[in-house]
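S.K.: predicted model follows, preceded by the sequence.
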Amino acid sequence: MIKFYKKLSKAQVRYKHLYSLSGKARRGEFVLAHHGIQRSGTNYLLACLDSLNVNVINRFDPARNHPSHKHFRWYQNKEAMPPYVKVEFGNSVCSSSLSELNSLAKFPKNTKHIVIKKDVNHAVCSLMNYGLRKNWFANKNQALLNYQMLLNDYRHYYEFWEGLARSSNEVVVVNYEQISQNSNRLISCLNELGADIPFLRENLVFSEVRMSPKTRKKVILIDDLVGLESGTSANSAIEIKTQSFAM
């Protein structure tokens, strides 16, 4: 559930929200953290959770290399992070258990976790277009040359969370393409985590999702990725604008 705080800095807003939801978790209320790689549907997921009045503990973003950030790279092999991702998300933090993760992220120990992912080529396509907007790449060709590097980051990100989901009933991974077509799939997953949300008669629909304008131009399309998985090596990711990545 959203709380609004006036005349506070972003850090103060985040702290007050964390404090408020930590209290709710201690009282046994359902508290959730949401996760997903960039452009995987995390803003859509948050809009759904808000509509369903779910307490989302990491709704306010900290620094991008903070463990509570929804895009945080928890995986052990930090060399799998592309250099342009490492600029903002670079970290040396790893976790071998959900309890350790909650402690490092300053989440209550009984926090539940939902992770959203897109089908792989849709995810990489979205990341490439995002990278072009962020000036990770100078042009479409450079973005396409980085297919394997982005794919590697995607795989490491979700292998970590899927491993936790297999070992804990407090983590669930949902598919963006599925829940965007059927909101009750999302509700079913939330109820598996311990929520008590009635099913809907109609799907959740939003005129526009934050950070995802419908008029946004897509330079790279799914068809552009055909054959890249077998035809491009991570080492062929050349001509990246490395001058932008001074740490």
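M.R.: Arrived safely.
S.K.: where is the longest helix in the protein?
M.R.: helix 147-167 (DSSP state H).
S.K.: what's in contact with that helix?
M.R.: With contacts defined as C-beta atoms under 8 Å, 6 or more residues apart in numbering, helix 147-167 is touched by 35, 37, 73-77, 80-82, 85, 98, 101, 113, 115, 117, 120, 123-124, 127-128, 131, 171-173, 225, 228-229, 232-234, 236-237. All C-beta atoms are positioned from the backbone trio N, CA, C, and that covers glycine.
S.K.: what sits against the residue most central in space within the chain?
M.R.: For the chain, residue 36 is the residue whose C-alpha lies nearest the centre (C-alpha atoms, centre = their mean; 1.9 Å). With contact set as C-beta under 8 Å, 6+ apart, residue 36 has these partners: 42, 45, 70, 71, 115, 116, 117.
S.K.: which single one of these is nearest to residue 57?
M.R.: residue 70 (10.6 Å; C-beta to C-beta).
S.K.: now that closest one. Its backbone dihedrals?
M.R.: With angles defined as degrees, to the nearest 10, residue 70 sits at phi -60, psi -30.
S.K.: rounded mean pLDDT for stretch 24-31, please.
M.R.: Mean per-residue pLDDT for stretch 24-31: 95.
S.K.: turn the contacts of residue 36 into CSV, including secondary structure and neighbour count.
M.R.: What follows is the contacts of residue 36, written out as CSV (DSSP: H, G, I helix; E, B strand; the rest coil; neighbours: other C-beta atoms under 10 Å):
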residue, secondary structure, neighbour count
42, helix, 22
45, helix, 24
70, coil, 23
71, coil, 18
115, strand, 24
116, strand, 26
117, strand, 22
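S.K.: and which of the residues you listed is nearest residue 26?
M.R.: residue 70 (22.7 Å).
S.K.: quick one on the thing from earlier: tell me how far the longest helix of the chain lies from the chain's centre.
M.R.: Taking C-alpha atoms, centre = their mean, to the nearest Å, the mean C-alpha location of helix 147-167 is offset from the chain mean by 11 Å.
S.K.: and the angle for the helix or strand following that helix with helix 147-167?
M.R.: For helix 147-167, the following helix or strand on the C-terminal side (DSSP states H and E) is strand 171-175. Computed by axes from the mean of the first three to the mean of the last three C-alpha atoms, to 10 degrees, the angle separating strand 171-175 from helix 147-167 equals 140 degrees.
S.K.: in the longest helix of the chain, what's buried?
M.R.: 147-154, 156-158, 160-161, 164-165 (16 or more other C-beta atoms under 10 Å).
S.K.: what is the neighbour count of residue 80?
M.R.: 19 (other C-beta atoms under 10 Å).
S.K.: contacts only, for it.
M.R.: Contacts of residue 80 (C-beta under 8 Å, 6+ apart): 152, 153, 156.
S.K.: which phi and psi does it have?
M.R.: Dihedral angles for residue 80 - degrees, to the nearest 10 - are phi -70, psi -10.
S.K.: list the buried ones in the helix or strand harbouring residue 99?
M.R.: In this structure, residue 99 sits in helix 98-105 according to DSSP H and E. Buried residues in helix 98-105, counted by 16+ other C-beta under 10 Å: 98, 101, 102, 104, 105.
S.K.: tell me what that helix is packed against?
M.R.: Counting contacts by 3 or more C-beta pairs under 8 Å, 6 or more residues apart in numbering; DSSP states H and E, helix 98-105 is packed against helix 147-167.
S.K.: what pairs with residue 31 across the strands?
M.R.: residue 55 (DSSP bridges).
S.K.: my guess is it contacts residue 113. True?
M.R.: No. Contact criterion C-beta atoms under 8 Å: residue 31 and residue 113 do not qualify, at 10.3 Å.
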